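S.K.: got a sequence here, can you build the structure:
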Amino acid sequence: MAAAVVVGGMVASGVIKVVIKEIGSAIKGEFKLHKNLRKDMEKMKMTLESVEAVLSEAERRSIMDEPTRLWLKRLKDALYEISDMLDDFEADSNLLEGVVKKFKMPSKMKEMQQRLQKISEDHTKYSVPADARSDKQPVHDIRETPADAEETDPIGRTDDKQKIMGRLSKGIAEKTTFLSIWGFGGIGKTTLARLVYKDPQFEEYSKVWVYVSEKLDLKKIGNSIISQLSEKEEQSKIDELKIIHDRLGKLLAGNKKILIILDDLWERRTSELEKLKVMLKQAEGSKVMVVVTTREESIAKEIGSVDPYCLAPLTYEMCWDIIKQKCNFEAHPCKERLETIGKKIAKKCGGVPLAAQSLGHMLKSKPYDVWDSVRSNHIWNLPNARNTSSTHEVLASLLLSYNFIDNSSLKLCFAYCAIFPKGYNIIKHDLIHQWIALGFMEPYNDILSTWQLGESYVRQLLEMSFLQHSKTVAERSYAREDATLFTMHDLVHDLARSVMADEFYLEGPNCRYAYLTDCTKPLKSSATSPAKIKALHIVDHPDGSLKENRFHADAYSQARHLRVLILDVSPCYLRVLPHSIGKLKQLSDLTSSPQLTRALHSLKSLKLAFQEGPMEWVGELKSLQHLEIQYYWKLEELSDNMRQLTQLQSLTLEECSSLTSLPLWLGELASLKELTVRSCNAIMILPESLTSLQELTLYDCDEIMTVPESLTSLQWLTINNCEKIMTLPESLTSLRRLSINKCPKLEQWCEENYSRWNICEDYCASPDLQENDEERYDGLELVRTLSAPQLLSQSEFLPDWTTCSSVMMEKTSSW
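M.R.: The predicted model follows:
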């Protein structure tokens, strides 16, 4: 990618923070064989801290300055080598080979120190001035209300929506209507399709949303439509195109109303487009509306059955309105002075809302000199290569927004998303775990936990339009139906890959974060330097090769410094992993695995799905901090061996239908702060020993009748569809957030105990939260409608809840 040459190396400031933290951890460890080793490490740490002071400005200069760009690349390569060296030392510390490495370590450290010293001295040669900005980063409050997932009325698109609805109505006589929306990247095609998707006219329609991507895969599209139109128990992947065709014929026919959105179609071949149309033209007796978004007019004309709609750019006045909205312009103390500059910036957006959105968020609360710097920035003058003028404006604005991010850790977290392919549904929960495992985040002065900081990063990326809420359903076997999913706009994805440069390219010499589609071969056959890989995402090959083959013994073991391993394959193909997984001494985050080995002593996060057999071995993973157990239908009790997990911070149990109770010894785990129980319908009571628990989430637990009285430390309580819970204890004196949904008996009790209960009315009057929009059950973080004084003014009930800052309830049929 041409852009990678321009901006590659801009993650160095994030990488250096990670390495400085690793050296700090090593200094605190046990390095006793060489008395000068600690001193050498401290000297190296000081050198890196001095280099870090100039990095922010160096990264900004690197966009136009080739010597600075080369300097950053040399620095980043050195940083990764230091990280590898420390990993090597730590991984083998208990082996004979490790003893040899300990003796070699001092000489390696001296060599690396000399190399770093030369790099440090060279920055003055390249005239990289020290960054004048403070290194202190603003901390975003985890309770801050984030931006809407989608605007209900995007600026400047009301008329476009009405015209599209009109064209759809013209095709009403047809069984299947195809309407195309076309225009260049970032213009707002997907946003417009979302408006159509949410329009009241389609309220009675069954709705389907499919991201198509650059490669037209009829099997994938067909399976996605089938899964979204079928009952849960009927959902399964179909590999034969004819069977998919027949199944769609049954689902689409029979006096039904169906709306299908096919987002981001790139296929130009007429024959393939015709196959797609034939697959969806089976609506005998039904009315099916298919809305397609594409960048090319020729594709729009070929696929459409009614006139395609060309989405025009916004006026610069509309772009200015978006910028003002995003940056809260009316509250800016210098708004009169900024008006002229702001309008000039709006003209540079090329009529593209994505550009205006990212710039608007970046300019929020910024002083005059930053606005002026954006207006005159040299990034606008970068050669646009093969891009159209408008696409160039979008890329320039996105790069500007990235360049002005103050937080280097946030930059690195965003760039990491380049590991995922375009259109991929990123699970929020898993993404934050991966950031943590890779050491990308460092909490600020204990104000926020690492997890809360991850939540804050996600919100900031959403506000910048670098992440978007996905409309498609979670298709991975281990993903919950209500999991929060994100995707990235194609141009934002291009930005992430250009920033990450060659670090995601599996066949390159510097790959650190890899996406692998064939695990039936040794990793070395795909990767040039497998030992350098820190994160590996393995998916089943599109041809389903895992059906006939198992994981190769060296599918991942050669990545000996691996910290994150995601196994995104069907559970029926994933029963036994090669024993070589025990070689991954650094592994911190593992998703969707079968039985493991106690050799994974560094594992901190583990998600288990579709397991069978005893689980005593889990207790051997002494470093485990986050554990999720899903779809373990034969699990009758948690093994006593798990009481050894003294570092466990969060435990999630989901679809464990045979689990009848939770053990009292859970209360002995002093680090356990979060407990989630979901669809475990045999559990009737929770233990009273959980006195240190701070967050409790209960979803779809039919038999649980009470919330324990002993939860005096509880701060967040979420109860969803637990019909037998009738009351809440008065002992919840630390409660800060309460979310109740679909609990008729508990809601009735609240009615009876509140003489003037209008809190629910206040919440219901707030902006609509549709399913899969925002984080539906993060309720009070999103809609803060009630403070503790308001709560206490309603009645004398629960006078000890004086710390509760907000309450959320939703109406059910009982109201």
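S.K.: quick check: K237 vs Q460, distance?
M.R.: In this structure, K237 and Q460 are 35 Å apart, going by C-beta to C-beta, to the nearest Å. (C-beta placed from N, C-alpha, C; glycine too.)
S.K.: those two: who's more crowded?
M.R.: Between K237 and Q460, counting by other C-beta atoms under 10 Å, Q460 is the more crowded of the two (21 against 16).
S.K.: give me phi/psi at the more buried one?
M.R.: Per-residue torsions, Q460: phi -60, psi -40 (degrees, to the nearest 10).
S.K.: any idea how far it lies from I345?
M.R.: As judged by C-beta to C-beta, Q460 and I345 stand 21 Å apart.
S.K.: what's the answer for E616, then?
M.R.: Counting by C-beta to C-beta, the gap from E616 to I345 is 61 Å.
S.K.: more crowded one of the two?
M.R.: Higher neighbour count among E616 and I345: I345, with 27 against 11, using other C-beta under 10 Å.
S.K.: after the helix or strand hosting E57 comes which helix or strand?
M.R.: According to DSSP states H and E, E57 maps onto helix 55-62. Remark: after helix 55-62, the chain's next helix or strand is helix 66-91, criterion DSSP H and E.
S.K.: now that following helix: average pLDDT?
M.R.: Averaged across helix 66-91, the pLDDT comes to 82.
S.K.: run the chain-centre distance for it.
M.R.: With C-alpha atoms, centre = their mean, to the nearest Å as the basis, helix 66-91 stands 26 Å off its chain's centre.
S.K.: the inter-axis angle of that helix versus helix 55-62?
M.R.: Angle between the axes of helix 66-91 and helix 55-62 is 130 degrees (criterion: axes from the mean of the first three to the mean of the last three C-alpha atoms, to 10 degrees).
S.K.: now helix 66-91: buried residues?
M.R.: Going by neighbour count (16 or more other C-beta atoms under 10 Å), the buried part of helix 66-91 is 68-69, 71-73, 75-76, 78-80, 82-91.
S.K.: over to stretch 724-736?
M.R.: In stretch 724-736, counting by 16+ other C-beta under 10 Å, buried: I725, L728, P729, S731, L732, T733, S734, L735, R736.
S.K.: quick one: contacts for the first one?
M.R.: With contacts taken as C-beta atoms under 8 Å, 6 or more residues apart in numbering, I725 has the following neighbours: L698, I704, M705, T706, V707, I719, C743, K745, L746.
S.K.: just give me the closest of the residues you listed to V11.
M.R.: The shortest gap between V11 and any of the contacts of I725 belongs to L698, at 40.1 Å (C-beta to C-beta).
S.K.: pLDDT value on that closest one, please?
M.R.: We have a pLDDT of 93 for L698.
S.K.: for it, helix, strand, or coil?
M.R.: strand (DSSP: H, G, I helix; E, B strand; the rest coil).
S.K.: phi, psi of N425?
M.R.: The phi and psi values for N425, taken as degrees, to the nearest 10, are phi -90, psi 110.
S.K.: how about it: what's its closest non-neighbour residue?
M.R.: Closest residue in space to N425, ignoring its immediate chain neighbours: L485 at 4.5 Å, by C-beta to C-beta, 6 or more residues apart in numbering.
S.K.: do I23 as well
M.R.: Leaving aside its chain neighbours, I23 sits nearest to K45 (4.7 Å; criterion: C-beta to C-beta, 6+ apart).
S.K.: ok, the one you found - contacts?
M.R.: Counting by C-beta under 8 Å, 6+ apart, K45 makes contact with I20, I23, G24, I27.
S.K.: number of nearby residues for E121?
M.R.: If we define neighbours as other C-beta under 10 Å, then E121 has 9 of them.
S.K.: what sits against it?
M.R.: The contact partners of E121, by C-beta under 8 Å, 6+ apart, come to none.
S.K.: quickly run through the sheet partners of the host helix or strand of I719, with directions.
M.R.: Assigned by DSSP H and E, I719 belongs to strand 716-720. Its sheet considered, strand 716-720 pairs with strand 695-699 (parallel), strand 737-741 (parallel) by DSSP bridges.
S.K.: show the average pLDDT along it.
M.R.: For strand 716-720, the per-residue pLDDT averages 88.
S.K.: re the thing from before, as a markdown table, the strands paired with strand 716-720 with mean neighbour count and distance to L659 would be great.
M.R.: Below are the strands paired with strand 716-720 laid out as a markdown table (neighbours: other C-beta atoms under 10 Å; distance: least, C-beta to C-beta, whole Å):
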| stretch | mean neighbour count | distance to L659 |
| --- | --- | --- |
| strand 695-699 | 19 | 14 |
| strand 737-741 | 21 | 23 |
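S.K.: what residue is smack in the middle of the chain?
M.R.: K428 (3.6 Å; C-alpha atoms, centre = their mean).
S.K.: leaving out the residues flanking it, which one is nearest to that one?
M.R.: T484 (4.1 Å).
S.K.: and the one you found, how many neighbours?
M.R.: 22.
S.K.: contacting residues for it?
M.R.: Residues counted as contacts of T484 (C-beta under 8 Å, 6+ apart) are I427, K428, H429, H469, E775.
S.K.: quick check: the second one touching F486?
M.R.: So that's K428. Yes: the criterion here is C-beta atoms under 8 Å, and K428 meets it with F486 at 6.2 Å.
S.K.: what touches both of those two?
M.R.: The overlap between the contact sets of K428 and F486 (C-beta under 8 Å, 6+ apart) consists of V458.
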